[in-house]
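K.L.:
coordinates only, sequence not included:
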């Protein structure tokens, strides 16, 4: 009965979306949509600039609705522990940790039962490969000093070689290392475009169905029936990722579309300028996201006897930092690293009956859990 009700509601919502899209398309075809007004106050609800974007949004919502996707957008400043938090939820290291920005584009991490080895699929890879020729021409015209500086970075030197050889990006990457290499290359590609003043095709990736997707089984959801829908995490670009101002608009846009928003804050940097930028973006959509915003205050394990306790932190984040846009019971002081190591360890033991000794993360787990007794 419950499943029948869900399907009935989904079919009706899809019908409404289809009718709305059809109406907007007819208005566009009959020339009923005018050009954008010069002044913001005079702008119509839809014009020739905003209508195509609205149609893209409706298509994205239809895609999510068809699969009963619950999209949880995860946002945080660089080094706040966003990737570690996502890995803790998944129970595997699907996102790499790197000292430089790693989110050039929003990336989906989707619970896919039975997929034990993570795989990244990027069906819309053609615009990236189209960049290779443009970047090849830009490299040939660049100043020797610029190229020397770029090549001094080992990762960038690897990308420059790929451009020189015109080696295309693949649409499928399997395993943790394969995913890391692709995401690293994608972010370096964006950096190189800025350095050589070549336009990156961000507009091609504005909708949820165009983004890179990592499929993997979330360990705590493995026994959940597929009929209850899919949990998908959306790794969003952080507002303090240097040199990538385009990410600010993309961040705001994706947060508005998400089913819920999870903010990752650094307990040791709660009053920093970087986290203030995150709060500013979140407060802009606080009315839209009201009732569906949550906060993880990461690195709470670094608390000492003179630091604020959990209740004080909850109150401070909810009332002072977020200005009442979320409730205190939606704030969770945590250690994402401990959560990740514990979740991954339990997952490994359930699957294989033991931990894979010799791997670095197992050493981290043993030292954290058992201290000197680990030896």
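P.N.:
That came in fine, so what should we check first? For clarity, every value in this text was computed on a predicted model and none was experimentally measured. Numbers count the residues shown, from 1 in each chain.
K.L.:
list the beta-bridge partners for the residue lying closest to residue 218 once chain neighbours are set aside.
P.N.:
Closest residue in space to residue 218, ignoring its immediate chain neighbours: residue 111 at 4.2 Å, by Cβ to Cβ, 6 or more residues apart in numbering. Just so you know, the C-beta spots here come from the backbone N, C-alpha and C atoms, and that holds for glycine as well. For residue 111, the beta-bridge partners are residue 216 (DSSP bridges).
K.L.:
let me see the contact set for residue 111.
P.N.:
216-218, 221, 230-232 (Cβ atoms under 8 Å, 6 or more residues apart in numbering).
K.L.:
let's go with 7 Å and repeat that
P.N.:
Neighbour list for residue 111: 217-218, 221, 230-231 [criterion: Cβ atoms under 7 Å, 6 or more residues apart in numbering].
K.L.:
could you do residue 87 as well?
P.N.:
Counting by Cβ under 7 Å, 6+ apart, residue 87 makes contact with 93-95, 340.
K.L.:
same deal with residue 106?
P.N.:
Contacts of residue 106 (Cβ under 7 Å, 6+ apart): 211, 234-237, 250, 254.
K.L.:
mind running it again at 8 Å?
P.N.:
Counted by Cβ under 8 Å, 6+ apart, residue 106 has contacts 205, 211, 234-237, 250, 254.
K.L.:
check residue 91 too.
P.N.:
Here residue 91 is in contact with 218-220, 343-344, 346-347 (Cβ under 8 Å, 6+ apart).
K.L.:
let's have those residues in a markdown table, adding neighbour count, secondary structure and pLDDT.
P.N.:
Shown next, in a markdown table, are these (neighbours: other Cβ atoms under 10 Å; DSSP: H, G, I helix; E, B strand; the rest coil; pLDDT from 0 to 100):
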| residue | neighbour count | secondary structure | pLDDT |
| --- | --- | --- | --- |
| 218 | 23 | coil | 92 |
| 219 | 19 | helix | 88 |
| 220 | 15 | helix | 86 |
| 343 | 19 | helix | 93 |
| 344 | 22 | helix | 93 |
| 346 | 13 | helix | 92 |
| 347 | 19 | helix | 90 |
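K.L.:
same list (those residues) but as JSON lines, adding distance to residue 353.
P.N.:
As requested, the contacts of residue 91 are exported to JSON lines (distance: Cβ to Cβ, whole Å):
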{"residue": "218", "distance to residue 353": "21"}
{"residue": "219", "distance to residue 353": "15"}
{"residue": "220", "distance to residue 353": "19"}
{"residue": "343", "distance to residue 353": "17"}
{"residue": "344", "distance to residue 353": "15"}
{"residue": "346", "distance to residue 353": "12"}
{"residue": "347", "distance to residue 353": "12"}
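K.L.:
tell me the one of those residues nearest residue 119?
P.N.:
Nearest to residue 119 among the contacts of residue 91 is residue 218, at 14.3 Å by Cβ to Cβ.
K.L.:
residues contacting that closest one?
P.N.:
89-91, 111, 231.
K.L.:
burial count for the residue nearest to residue 151 when sequence neighbours are not counted?
P.N.:
Nearest-residue entry for residue 151: residue 157, 4.6 Å, with adjacent residues in sequence omitted and distances by Cβ to Cβ, 6+ apart. The burial count assigned to residue 157 is 14, neighbours taken as other Cβ atoms under 10 Å.
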